[in-house]
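> sequence-free structure coming up:
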C-alpha cells in the first residue's frame, strides 16, 4: 500500500519510533498522558511500525523508570513532592501505591499501572525502599509492554473492523481515535482528579 497522507509517512518513518521513545520516557517521569495515544494512532495505520514504536516506548519508559527509581532512592522526599505536582497524582494515590507495595511487593508494579495508576509512583516508591533495581526492571518490562502492545494491536483490529465505514481515511480514523482518548481521559481525570 502506497502511503500518501502525512500521518502515513510519519508512521513509516524513524520519527515515529523516536517520538514513541520520547513519549515513553516523558510519561514515566513528568508527563501524564500515556504513550498509548501515539501507539494506537500508529497501530491504526500500520502494524509493523506500531510494533517498533511499542518497543521504543518500552525503552523510553524503562529509562524513565530508572530515573524515577534513582530519584526515589537518593531524594525520596523531593521525589514524592515532585509526584504530588503531576496532574492526577495525589498524596492519597501515592499512599495507596505504598500500601500496594507493602502488601504485594513488586507484583504491585505489574498490576497497578493496568488499573491506571502511574508507573512513576511505583518507581519512586520502590527506589525509596532501596528495592533491587534489577528486579524492578525485570518486572517493568512485561508490566509496561503488555499495555503498549495491546493498545497498538487493538487499534489495528478496530481500524480493520471499521474499515468499511471509514474507508481507511486518516481524518475519520483519527477522529474516532481522538473521541476514544478524550472519553478515556475525561473518565480518568474525573476518577483521579486533575
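Looks like it arrived, so ask away. The shown structure was predicted, so the numbers you read here are calculated from the model rather than taken from an experiment.
> give me the neighbour count for residue 44.
Neighbouring residues of residue 44 were enumerated by other C-beta atoms under 10 Å; the total is 27. Quick note: C-beta positions are derived from backbone N, CA and C, even for glycine.
> which residues does it contact?
Contacts for residue 44 (C-beta atoms under 8 Å, 6 or more residues apart in numbering) come out as 155-156, 158-159, 173-174, 177.
> just so I have it, where are all the helices in this protein?
All helices of the chain, identified by DSSP state H, fall at 6-11, 14-29, 36-45, 47-74, 76-84, 91-104, 107-111, 119-128, 133-161, 163-166, 170-192.
> now, of those helices, which is deepest in the fold?
Greatest average neighbour count among those goes to helix 119-128 (a mean of 27), per mean count of other C-beta atoms under 10 Å.
> ends of stretch 71-85, what's the gap?
Taking C-alpha to C-alpha, to the nearest Å, the span from the opening residue of stretch 71-85 to its closing residue is 15 Å.
> returning to what we had before: I'd like the contacts of residue 44 as JSON lines, with distance to residue 167 and pLDDT appended.
Converted to JSON lines, the contacts of residue 44 look like this (distance: C-beta to C-beta, whole Å; pLDDT from 0 to 100):
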{"residue": "155", "distance to residue 167": "17", "pLDDT": "94"}
{"residue": "156", "distance to residue 167": "16", "pLDDT": "94"}
{"residue": "158", "distance to residue 167": "15", "pLDDT": "93"}
{"residue": "159", "distance to residue 167": "11", "pLDDT": "92"}
{"residue": "173", "distance to residue 167": "9", "pLDDT": "91"}
{"residue": "174", "distance to residue 167": "13", "pLDDT": "91"}
{"residue": "177", "distance to residue 167": "15", "pLDDT": "91"}
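> could you identify the most distant pair in those?
Within the contacts of residue 44, 156 and 174 form the most distant pair, 14.3 Å apart (C-beta to C-beta).
> where does the prediction get shaky in the chain?
Using pLDDT under 70 as the threshold, the predicted model of the chain has low-confidence ranges 1-3, 193-194.
> center of it - which residue?
With distances taken as C-alpha atoms, centre = their mean, the residue of the chain nearest its centroid is residue 34 (3.7 Å).
> residues touching that residue, list them.
Taking C-beta under 8 Å, 6+ apart as the criterion, residue 34 is in contact with 27, 147.
> could you check how far it is from residue 161?
23 Å (C-beta to C-beta, to the nearest Å).
> again with residue 7
Here residue 7 is placed at a distance of 19 Å from residue 161 (C-beta to C-beta).
> one more: residue 35?
Taking C-beta to C-beta as the criterion, residue 35 is separated from residue 161 by 23 Å.
> residue 122 now?
34 Å.
> residue 24: what's its closest spatial neighbour, skipping adjacent residues?
Of all residues not flanking residue 24 in the chain, residue 60 sits nearest, at 2.8 Å (C-beta to C-beta, 6 or more residues apart in numbering).
> can you pull the contacts of the one you found?
For residue 60, the contacting residues are 20-26, 28, 35, by C-beta under 8 Å, 6+ apart.
> can we see that at 7 Å?
Under the criterion of C-beta atoms under 7 Å, 6 or more residues apart in numbering, the contact list for residue 60 reads 20-25, 28.
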